[in-house]
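>>> I would like to see how this sequence folds:
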Amino acid sequence: MAKFLYPITGALLIYVILGYFSQIDVKHLGNVEDGHEFVINKEQGHQIKYERFEICQDFNDYSIFHADKYRCYNPIATAFFKNSINTTGWSFLEIETSAKYDPKVQAYAAGYLEGALTRRLIEHHIHNVMSTYCIGRVDYCGKLREFMDENHKWTKEFLAETDPEDAYYSAIHRTYYQLQGVIDAFERRPINPRADFEFHDIVFMNWLGEFYDLSAKFNATTRVDRVEKCSAMLKLAPDNKDLFFSHVVWFAFHHMLRVIKLYKFGYDREKFPGYAVSYTGYPGILNSQDDFQVTSAKLAIMETTISLYNASKMEHTKAVGQFPCWIRSIVASQLAWTAKDWVEIFIRHHMGTYNNHWMIADYKLFTPGQPLRDETFYVLETMPGFWIYKDKSEDLQKNTYHASYNLPQFPEIIEYSGLETHARNFDPAGNGRIGGDYYRSFKAPRARIFARDHVKAIDFESFTKVLRSNDPINEEFAKCECENGYSVSAAISARGDLGVANGTYECYDLGQRNMGALDYKGIDHHRMESMSYRAWGAPPFDDVYPPFEWKTFEKNSNYRLHHRGHPEKFDFDFLEIDWKTNIWD
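As a prediction, this is how the structure comes out:
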């Protein structure tokens, strides 16, 4: 029976009838087998046009409607969705919520629409990424579960005692409502705004970045695993005519099920200047995990992950009294008006997991053709129990660029992390062998390539080219005493799949790996005006290095990885983001 959202009058009779036939049973959303009329993704990954959906409230009941056919009065949340991963390398999701509803209800509704519309993608991502994570590591995963459960228990009790008007803690709480919405829709449960803090595969995926460091805390590895997850650069154009900001995520290839997301919440804009946030991310995961974000406060945020080689420092990481990185990054982006705000909000309740070199640029302070103002650009580096941040605007103006490549740059963090001790494992005499220099902050191949090539970035096109560069055969800084005489990891946008299987290298990270540059995201002053950016959803390729192809990778390697829902071949071009949502109204 239809749930009528308007008083029934003769003038509305046809409208109501249309509503009846446009209402969607949430059990069907995301399915492709059942033939339901309003199933999305009929052509998986090949959608050209966006579909629009709304979640609406009728007294105490809720419904989802296909808004291209019927629109309800005062929807709680509206979503635009398009799965074009097989034609662009991306799916696209935009969600806007209404200020007429309680913020927690808004957050839950946003999560519910996301979980419903991207259910198939979430299923694929869980299968590809999480289904094998705990194989052979049952004890470790049990400890992870205990840690997460303890943190959830503390968080739930703690938030119940906080002032609901406190913007920081209310933002934390709203995010858990949003996460619950994703889970409920994924599980085809009725719409019921709340936050249960339950354990679920989706929660596990949202914590994935934290596991890089928790694996050492719980002795899953003999050392903290080396994490190489990104290249990034800020670059001033000649005469300060523009400020370019770009990020390339390095990640395992079976993570290439990507979603570009935009959330526009109807929150109090004085308390939440980042009421709108866009990022490149993954199905069912509420933070970027790349990380690359832009906000309605005209902040651009990105990071490259840095590793800890002194596992004893993990004693500072606790399940009680601390929040994980993934939720702190969400809250900082919502609440921050300035780059310094973002840093100082982010380090509250710091857990010391998923440690990064963060870069935050405030485009409100940038004027083309003028010197950089103080506090335009901040850098933050974190470790368990320790962090350092600094206004680096003056350095950026002086050097015209700032690059990041998965190594710390503050001397105190370099020492605290045990990085040089680790480097000497591969270069005991300190003779500059690539195996050791690969772990030295200012001698690493990418550090040297950035220092040499940043001058080539004189406009946005050449800037894009520098960030997408990958030519290990001819790269002087890729040379090593190893298979073929070069390392495929020595590039800004490296491709580990191009290495030789079972090859001999000075260290593991130089050889063939299930790891590489998966994308490119770039922004400039003009694009920031509309929170737009350029996005390229494929590892780099050209006439010499062919596009990434799953059958080729498996043929030439020992890797056998789940990649359900992926394109077979990633030969896509870049695109420019053009939002359906009006961000500034």
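>>> Go ahead and confirm residue 507 touches residue 427.
No - assessed by C-beta atoms under 8 Å, residue 507 is found out of contact with residue 427, at 9.3 Å. (C-beta placed from N, C-alpha, C; glycine too.)
>>> shared neighbours of those two, which are they?
Both residue 507 and residue 427 are in contact with residue 435, where contact means C-beta atoms under 8 Å, 6 or more residues apart in numbering.
>>> and the gap between the residue nearest the centre of the chain and residue 281?
Among the residues of the chain, the one closest to the centroid is residue 288, at 1.8 Å (C-alpha atoms, centre = their mean). Distance, residue 288 to residue 281, using C-beta to C-beta, to the nearest Å: 5 Å.
>>> Overlap in contacts, these two.
Listed contacts common to residue 288 and residue 281 are nil; contacts here mean C-beta under 8 Å, 6+ apart.
>>> Quick check: which ranges of the protein have low pLDDT?
The model of the chain has pLDDT under 70 over residues 1-44, 220-227.
>>> buried set for the longest helix seen in the chain?
In terms of residue count, the longest helix belonging to the chain (DSSP state H) is helix 138-161. Under the neighbour-count criterion of 16 or more other C-beta atoms under 10 Å, helix 138-161 has 140, 141, 143, 144, 147, 148, 151, 152, 154, 155, 158, 159 buried.
>>> Quick check: the farthest pair among the residues you listed?
Using C-beta to C-beta, these span at most 28.4 Å, a distance reached by 140 and 159.
>>> which other residues reach the helix or strand containing residue 380?
Assessed by DSSP states H and E, residue 380 sits inside strand 377-383. Counting contacts by C-beta under 8 Å, 6+ apart, the residues outside strand 377-383 that touch it are 234, 306, 308, 313, 339-340, 342-343, 346-347, 350, 352, 355-362, 387-393, 396, 402, 408-410, 413, 416-417.
>>> Look up phi and psi at the closest residue to the residue nearest to the centre of the chain other than its chain neighbours.
Distances taken as C-beta to C-beta, 6 or more residues apart in numbering place residue 279 nearest to residue 288, at 3.8 Å, with adjacent residues excluded. Main-chain dihedrals, residue 279, degrees, to the nearest 10: phi -160, psi 160.
>>> One more: the one 3 residues further on?
Recorded main-chain torsions at residue 282 are phi -140, psi 160, according to degrees, to the nearest 10.
>>> Wait, it touches residue 260, no?
No - using C-beta under 8 Å, residue 282 makes no contact with residue 260, being 10.7 Å away.
>>> quick revisit: sheet partners, orientation included, of the strand holding residue 380?
Using DSSP bridges, the strands paired with strand 377-383 are strand 356-362 (antiparallel), strand 386-391 (antiparallel).
>>> Ok, which of these comes nearest residue 481?
Of the strands paired with strand 377-383, the one closest to residue 481 (C-beta to C-beta) turns out to be strand 356-362, at 29.2 Å.
>>> Please compute how far that closest one lies from its chain's middle.
In terms of C-alpha atoms, centre = their mean, to the nearest Å, the centre of strand 356-362 is found 14 Å from the chain centre.
>>> picking up where we left off before, do you know which of the strands paired with strand 377-383 lies nearest residue 471?
Closest of the strands paired with strand 377-383 to residue 471 is strand 356-362, at 24.8 Å (criterion: C-beta to C-beta).
>>> So what touches that closest one?
The contact list for strand 356-362 (C-beta under 8 Å, 6+ apart) reads 232, 234, 243, 245, 291, 297-306, 325, 336, 338-339, 342-343, 346, 375-382, 389, 402, 404, 406-409.
>>> May I see the buried residues of that strand?
356, 357, 358, 359, 360, 361, 362.
>>> now do stretch 478-491
Buried residues in stretch 478-491 (16+ other C-beta under 10 Å): 478, 480, 482, 483, 486, 487, 488, 489, 490, 491.
>>> Export only the CA atoms of that stretch, formatted as PDB.
Written as PDB, here are the backbone C-alpha positions of stretch 478-491 (Å, rounded to 0.1, in the frame of the first residue of the first chain):
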ATOM      1  CA  ALA A 478      65.300   3.900 -10.400                       C
ATOM      2  CA  LYS A 479      68.600   2.200 -11.100                       C
ATOM      3  CA  CYS A 480      69.600  -0.600  -8.800                       C
ATOM      4  CA  GLU A 481      71.600  -3.800  -8.400                       C
ATOM      5  CA  CYS A 482      68.500  -5.800  -9.100                       C
ATOM      6  CA  GLU A 483      66.400  -7.600 -11.800                       C
ATOM      7  CA  ASN A 484      66.500  -5.700 -15.100                       C
ATOM      8  CA  GLY A 485      68.700  -3.000 -13.500                       C
ATOM      9  CA  TYR A 486      65.800  -0.800 -12.300                       C
ATOM     10  CA  SER A 487      63.000  -0.700  -9.800                       C
ATOM     11  CA  VAL A 488      59.400  -0.200 -10.900                       C
ATOM     12  CA  SER A 489      58.700   1.500  -7.500                       C
ATOM     13  CA  ALA A 490      60.900   4.500  -8.300                       C
ATOM     14  CA  ALA A 491      58.300   6.700  -9.900                       C
END
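>>> Give the closest residue to residue 496 in space, chain neighbours not counted.
With C-beta to C-beta, 6+ apart, the residue lying closest to residue 496 is residue 513, at 3.5 Å.
>>> Tally up the residues packed near the one you found, please.
Neighbours of residue 513 under the rule other C-beta atoms under 10 Å: 21.
>>> Look up how far residue 211 lies from it.
Counting by C-beta to C-beta - residue 513 and residue 211 are separated by 18 Å.
>>> would you turn the strands paired with strand 377-383 into TSV with distance to residue 572?
Listed next are the strands paired with strand 377-383 as TSV, based on distance: least, C-beta to C-beta, whole Å:
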stretch	distance to residue 572
strand 356-362	26
strand 386-391	36
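>>> To residue 548, which of those lies closest?
Among these, strand 356-362 sits nearest to residue 548 (C-beta to C-beta), with 25.4 Å.
>>> quick one: buried residues of the helix or strand harbouring residue 553?
Element membership for residue 553 (DSSP H and E) is helix 550-555. Neighbour-count burial for helix 550-555 flags 550, 553 (criterion: 16+ other C-beta under 10 Å).
>>> mind checking how far that helix is from the chain centre?
Relative to its parent chain, helix 550-555 has a centroid offset of 26 Å by C-alpha atoms, centre = their mean.
>>> Wait, residue 279 touches residue 295, no?
No - with contact defined as C-beta under 8 Å, residue 279 does not count as touching residue 295 (9.3 Å).
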